[in-house]
Structure formats: structure tokens, C-alpha cells
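Asks: Predicted coordinates and the sequence they were generated for:
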Amino acid sequence: MILSIESVSLSINSPPSESDSKSKSRDSVSPLDYRPFIVMGTAYAYPDEDEPSQGRVIVVECNSGATGNLKADTEEDQMLHRHVRQVADLPLMGGIYSTAPFYSGNILVTCGSKTLLCQLFASVVEPGELVLNNMGSGHHGHLISLVVKSLVSSDKSLSKRQEKKKQLAIVGDLMRSIALVEYYPKHQVIQELARDFNSNYCTEIAMLTNNIYMGSEGYNNLFVLQYNPHATTEQARVRLNTVGHYHLGEMTNKMMGGSLIMPSNNASGSSTGATTTGKVASDKASYDSSRKINITIGSQTLYGTVDGTIGSILGLGGKTFAFLNALQRAMDAIVRPVGDLSRGHYRAWEQDQKKHASCGFVDGDWIETFLDLNQPTMERVVMEMNKDMRWRIRDDGKGFSIRDESQQNLMDTEDGMAFSNASALTVEDVLCAVEEMSMLH
């Protein structure tokens, strides 16, 4: 049975020589070219086994006609038919729960409790054929490595650009939450850098930045972790700190980077005025003198649930989060929810005997109901925001603006500036900002 499937762009490496295998140096293996493949992780399901003991990583190539190594029978087949064939496979002892594209055109796979790096080589025995090998001993230390993710997408150009960066990935365990690992090409070793010591039954994970990671767990909650590589103590450096909690209400089984709207042609901002970049958003963008609030976003993640829901999670700049969080607090205080059901109570994190208020997240659905309010209620909400005054400060998701300079903000990386316009908010200001947010998903 198929457990995972991924469309990736892999590098076809020249076969290592005997001297290269003795030195175990990845630098001596040169990639020949990049080609698109489909990588599948499979497992053999036997009725007497609780967990699969055998599986394969299968690499499939899909091309039209005689492109690449594929040969068409006739010219008509070459022009009209698309051919699919298996080009390589790698048997492993365990089910292949997850595959992910990695740096230098490689792939990461999770097999049972192990995380392995695999490379594609040109065959020495049969010219034109390919061989898939796992490099090094991999990483051990999980109960079941359910999912692995990295910042590398299936775009081969991204893989090439980021070869010189730290080769980081995150692994989601079935019971032991998320661990951060790094691959060292020189030694062909995958080493664990930090982990979350809470017990979260991961169903899916996403790597938002090199230091910020998001996961979903079995109690229909979302959580965000932060890695602080500049901590002064070793104990702090090996721990992933929880900086965000949110009850989604549905079990999430898929996360991927992307957006539901068409990308803007303007690199510095969207057509609605919201600042969007390929990297994490910065609040140092110049503010329009006629507006008090500019919406800045960073990471964009789509998620799917077992109930069929598709949603969007946007990373927010510090001042954008402070403004929307203040609006959320004001609406909680002024607007009467349907059936008098407390929104804060529903969104509170609940896991076994643990329960506490959500933090680090803004409820976008609740924020957008501001557009449906009547004028007097809008004015009362804005008046409450002006009394609160916390929409002007930088907020890191925990309700305050002071933070250690060595730590990365929850959703941005650069220090912000004080609001240039200190006058009170108006209904038009809030309406404009909420309408911008509603057009970003």
C-alpha cells in the first residue's frame, strides 16, 4: 500500500568511486542534472503485524514520447501518449510513512523510527538506468517517524540556491511531538539539534522558517514551536519552545506552503496594499501617510482536515499581529456571540487534563465578522480598541512587546518601529485593514 507520495526534482549524481566511498565525502559526488520525479513510500501490510516491517521507496518518471530514457513504439505514441515507468526503488525494513524534497536534489524519508537521506545515482552496471541509495546511517531516536518536512520545495532552482545554507528539517513523531535535525554532507550524518519535550500526537507538521515550526495533534489543536540557536545555555538550545496554541476543532492531516489567491505581480506588495514577500514579513516597510495600519504577512500555509475543510494560515508581522489581536479582544468584549458561546473558551487549547487559553494565533474567521456588524457596533469595537491602546505596540504573540533580541519573533525576524501616526483609530481604518486581510486567502 502507498503511505506517501511526493512530486520532487531530484539530482542524478555520478556514481561514487571506490576512493570516494572510503572517504565518505558527499562533496566528491557531482550531480549530473535535475529531473522531475514522483517519489512514493510504500509498505507491505501483513495481517499479523501491527506495524509494517517492510517497505519500499519507489521513484517514478513520467514523460511524453521518447523524452529522457523512455522510448515510444510509434511516432504517434511519441507525440500523444505520456509514459510512466519505475526508474528506481529502495527496499527498507519498515513502512515509508513520509517523503520530502531536500537540499542538493536529495530526498528525506521516514522509515519506522528512522529518518534517512536518499540520493539518486546513475547506474554503473546498466548505462541509462538509475539507482536509489540511502546515505549514511540516518537518524534514530523516535517511536514512529510519521512525517518529515523541510523548507525545500519541489522547485529545483530553490534546491540549488540553498545548498550552502544549513540543511535543516523537522520530524514529527507519532507521540513525541517535533524534533529539529540537521544534515552534515561532509560526514553524511543527520544529527538532532533540538526537540519539543511535550507529548503531542502529531498528525501533520509544517516548517514555516528555519526557526519557526507548526504542527497539529490528535486533539484537534495547532501548536507553534520556536528554535533559539543563540540561547546562552545548552539546555535552552536543545529545547523547542512553545509560542503558539490554538484549538482548530478539526483534525488536520495535510499542510503545505501556498495560497488560495493568485500571486501579485508587484514584488513589494499585493494589489490590496498588503505587504507580502517570499521571506518572512518585515514591519520596516514604509507606511502610507494616509493609513494607520498596513497589513504585512510572511509565511503562507494551506491545511486540509479529515472533514474536508481547506483553510489558510498566514504569518503576521509584529505590528499587524498586535493590531488584529487588539481587534479580537475588543470584539470578544463587545460583540455577543451566537448562542452566548464563548469564542475564547472554544479556541482554548485542551489536551487530556491540560487546558489553557489560545495564544500566538488570531482567529481570522472571527475577525472578518467585523465586516458584518452594524455601524454602532463597529464604533463601539473601535472605541474599545482605542481604550486598550495595545494595537500600537509590538506583540510577539504572548501579549507583550518586550523580548530577548536573540530570539526570533513568532512571525517576523526584524525589529519594528513605533507607529508613526499616534492618532486614534477610526472605523474606516479598521474596515480597510480587515478588508485587506479578507482578500489574502
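Replies: Right, received. Where do you want to start? This is a predicted model, so every value here is computed, not measured. Residues are numbered from 1 along each chain as shown.

Asks: going forward, measure contacts and count neighbours with C-alpha atoms only.
Replies: Noted.

Asks: Quick check: what element follows the longest helix along the chain along the chain?
Replies: Ordering each helix of the chain by length in residues (DSSP state H) puts helix 318-334 first. The helix or strand immediately downstream of helix 318-334 is helix 343-346, counting by DSSP states H and E.

Asks: quick one: average pLDDT of that next one?
Replies: The average pLDDT within helix 343-346 is 89.

Asks: now it, how far from the chain's geometric center?
Replies: 26 Å (C-alpha atoms, centre = their mean, to the nearest Å).

Asks: Run through the neighbouring helices and strands of that helix.
Replies: Using 3 or more C-alpha pairs under 8 Å, 6 or more residues apart in numbering; DSSP states H and E as the contact test, no helix or strand touches helix 343-346.

Asks: after it, next one along is what?
Replies: Assigned by DSSP H and E, the successor of helix 343-346 is strand 349-351.

Asks: Mind listing residues that contact that next one?
Replies: 219, 221, 245-247, 355-358 (C-alpha atoms under 8 Å, 6 or more residues apart in numbering).

Asks: Make TSV from these and add secondary structure to it.
Replies: Output for the contacts of strand 349-351, formatted as TSV (DSSP: H, G, I helix; E, B strand; the rest coil):
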residue	secondary structure
Tyr219	coil
Asn221	strand
His245	strand
Tyr246	strand
His247	strand
Lys355	strand
His356	strand
Ala357	coil
Ser358	coil
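
Asks: Strands of the stretch 51-200 of the chain, start to end?
Replies: Counting by DSSP state E, counting those that start in this stretch, the stretch 51-200 of the chain has these strands, from start to end: 55-64, 82-92, 96-101, 107-111, 114-122, 130-140, 145-149, 167-173, 178-184, 189-195.

Asks: Sheet-wise, list the partners of the first one with their directions.
Replies: Okay, so that is strand 55-64. Using DSSP bridges, the strands paired with strand 55-64 are strand 31-42 (antiparallel), strand 82-92 (antiparallel).

Asks: now that strand against strand 96-101, angle please.
Replies: 40 degrees (axes from the mean of the first three to the mean of the last three C-alpha atoms, to 10 degrees).

Asks: and the helix or strand hosting Ser7, what's its mean pLDDT?
Replies: Here Ser7 sits within strand 2-13, counting by DSSP H and E. Averaging pLDDT along strand 2-13 gives 90.

Asks: I figured Gly249 hits Glu217, correct?
Replies: No: contact criterion C-alpha atoms under 8 Å: Gly249 and Glu217 do not qualify, at 11.0 Å.

Asks: Of these two, which one has the most company?
Replies: Between Gly249 and Glu217, Glu217 has the larger neighbour count (other C-alpha atoms under 10 Å), namely 25 against 13.
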